[in-house]
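**Student:** what's the 3D shape of this:
(one chain, ligands or ions: 2)
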Amino acid sequence: MIRLDNIEVSFGDFTAIPNLDLHVRPGEFFTLLGPSGCGKTTALRTLAGFIQPAKGTVRVDGKDVTRLPSDKRQVGMVFQNYALFPSMSVWENIAFGLRVRKEKPADSDHLVRDIARRVDLSDEQLAKNVAELSGGQQQRVAVARALVLRPKILLLDEPLSNLDAKLRHQLRQQLKDLQSEFGITTVYVTHDQDEALAMSDRVAVFNKGVVEQVGTPQEIYDHSATEFVCNFIGDSSALTPDFVAEVNRLSGADLLTDANSYLRVEKASLNADGGTVVGLPGTVTSRTYHGLHSRYVVHSHGADIRLLLREDGSPQPEPGSTVTVYFQPAHVLQYHPETGAALQREDQAVRLP
Ligand SMILES: Nc1ncnc2c1ncn2[C@@H]1O[C@H](COP(=O)(O)OP(=O)(O)O)[C@@H](O)[C@H]1O
Ligand SMILES: [Mg+2]
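**Tutor:** Numbers count the residues shown, from 1 in each chain. Ligands and ions are numbered 1, 2, ... in the order given. The predicted model follows:
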C-alpha cells in the first residue's frame, strides 16, 4: 500500500533520515514510535509530500508519488494541535478542503453532513464554533476534516500528546474505533510506547532517523531486536555479569556473561510459583506503594532488579529484608555489547522484518 524505499532526508548539512525503508500494508494501523527528535514527523511529512527527499522513492498503491505535490497524493493529515480554525464553525472546518478543491456547495454540504454523522458529530455541533467543543469532539472534527476528502491514507502526528492522561486514554479508543470502522490505512506517530503497543497492528521503532525494528506490538515487546528497543519499550532492569553467572550456576542455563542483559519488571517475582525456575537471594533496597501493587528494587549480585508485587493485604517485605527473586532464565534478554543486536538463542527466536 505504502512503500518508502531508500529515503534520505536532509536539512542543510544535517541528515535527519539517512536511509529509510518502510512498507505499510492495506488497512493497517501502522505506528512510527521513537523519542523526540528521532525523525518521526520528518518521515510522515515526506510521506504526505510536504518534504522532498534527497534520495529514494515514495509509492502509494504501487504508484510513484515522490514528485507529486501533497494535494495530489490522496493523503489526509491530522496534526498534533489539530490545526483547526478557531474562528470558524465545525461545518466550515470540515468543509475547508472541499472549498479549496472547489467542490459545489450543495455537494460539500452533503459530504460534510455524511462524514460528521459517521464520526458522531451532531447537526447541532456542526453549527457550533470549534472553540465551544471539548478536546475529544475537536479531535473528531480534525479527523472528519481529513476523511471528508476521501483520502487513501490517514496520517496522524501525535494527535493525543497535548491532552491530559485521562482524555488521552479515552481518545485512543475513539481513534482506533474510527480507523477500524473506515478501514483506512493509517500511519500514526507517537513517542508514547504504551499508546503504540495498545493501538497498532505493527510498529516501527525509530532511533536517530533509523528504524531499529518493525513488528507487531508483541514481537517488539517480547523479542526486542536491539538494546535500544529493549530499553525504549517497557521497563527492564540491567543485569550484571556476576548476576548472569549466578543464574547459569544455579539453573544450568548458558546465558552469556559478557552480553548486555536485561530482565523486564513483570518477568521477576518474589513468589516461586508459575513456572519460575531460578531464585537468587537479594536485599530489598526500596518499596513504593501504588495501591494495587508495590514496586520493589532488590539488590542482588551487583544488579538492581525492579519488580512489582501485588498488594493483597498480607504483610510485605520491607526495605533491608532478604528476599529471593524468581524468574525464568529464558526471559533474560541479551544484546551484543558493541552492536546492540539481540543475541539469538534457541528458546528465544528473534524475528526481524
Ligand atoms: N525544517 C527543519 N530544519 C532543520 N532541522 C529540522 C527540520 N525539521 C526537523 N529537523 C530536525 O530533524 C530531526 C528530526 O525531527 P522530527 O522529524 O521533527 O523528529 P520527531 O518528530 O521524531 O520529534 C531533529 O533533529 C530536528 O531538529
Ligand atoms: Mg514530531
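**Student:** beyond the helix ranked longest in the chain, next helix or strand please.
**Tutor:** Among the elements of type helix in the chain, defined by DSSP state H, the one spanning the most residues is helix 165-182. For helix 165-182, the succeeding helix or strand toward the C-terminus, using DSSP states H and E, is strand 185-190.
**Student:** for that next one, packing partners?
**Tutor:** Judged by 3 or more C-beta pairs under 8 Å, 6 or more residues apart in numbering; DSSP states H and E, the packing partners of strand 185-190 are strand 29-33, helix 40-48, strand 153-157, helix 193-199. In this view, the C-beta of every residue, glycine as well, is placed from N, C-alpha and C.
**Student:** strands paired with it, and their directions?
**Tutor:** Note on strand 185-190: by DSSP bridges, its sheet partners are strand 29-33 (parallel), strand 153-157 (parallel).
**Student:** which parts of this protein sit against ligand 1?
**Tutor:** Proximity of the chain to ligand 1 is assessed by C-beta under 6 Å from any ligand atom, with 11, 14, 16, 34, 36, 37, 38, 39, 40, 41, 42 identified as the residues in range.
**Student:** can the residues you listed go into TSV with extra columns for distance to residue 130 and pLDDT?
**Tutor:** Written out in TSV, the entries for the residues of the chain next to ligand 1 read as follows (distance: C-beta to C-beta, whole Å; pLDDT from 0 to 100):
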residue	distance to residue 130	pLDDT
11	32	97
14	36	96
16	32	97
34	31	97
36	27	94
37	30	95
38	31	96
39	31	97
40	26	97
41	23	95
42	28	97
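**Student:** may I see the ChimeraX selection of the buried members of those residues?
**Tutor:** Here the buried members of the residues of the chain next to ligand 1 are turned into a ChimeraX selection, burial being counted by 16 or more other C-beta atoms under 10 Å:
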select :16,34,38,39,40,41,42
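**Student:** sorry, back to before: may I have the longest helix of the chain exported as CSV, CA atoms only?
**Tutor:** Extracted as CSV, the C-alpha positions of helix 165-182 are listed here (Å, rounded to 0.1, in the frame of the first residue of the first chain):
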residue,chain,number,x,y,z
ALA,A,165,-3.8,11.5,30.6
LYS,A,166,-7.4,10.5,31.2
LEU,A,167,-8.7,12.0,28.0
ARG,A,168,-5.7,10.6,26.1
HIS,A,169,-6.8,7.1,27.2
GLN,A,170,-10.4,7.7,26.1
LEU,A,171,-9.5,9.2,22.7
ARG,A,172,-7.1,6.4,22.0
GLN,A,173,-10.1,4.0,21.8
GLN,A,174,-12.1,6.6,19.8
LEU,A,175,-9.4,6.9,17.2
LYS,A,176,-8.9,3.2,17.0
ASP,A,177,-12.6,2.6,16.5
LEU,A,178,-12.8,5.3,13.8
GLN,A,179,-9.8,3.7,12.0
SER,A,180,-11.3,0.2,12.0
GLU,A,181,-14.7,1.5,11.0
PHE,A,182,-13.3,3.3,8.0
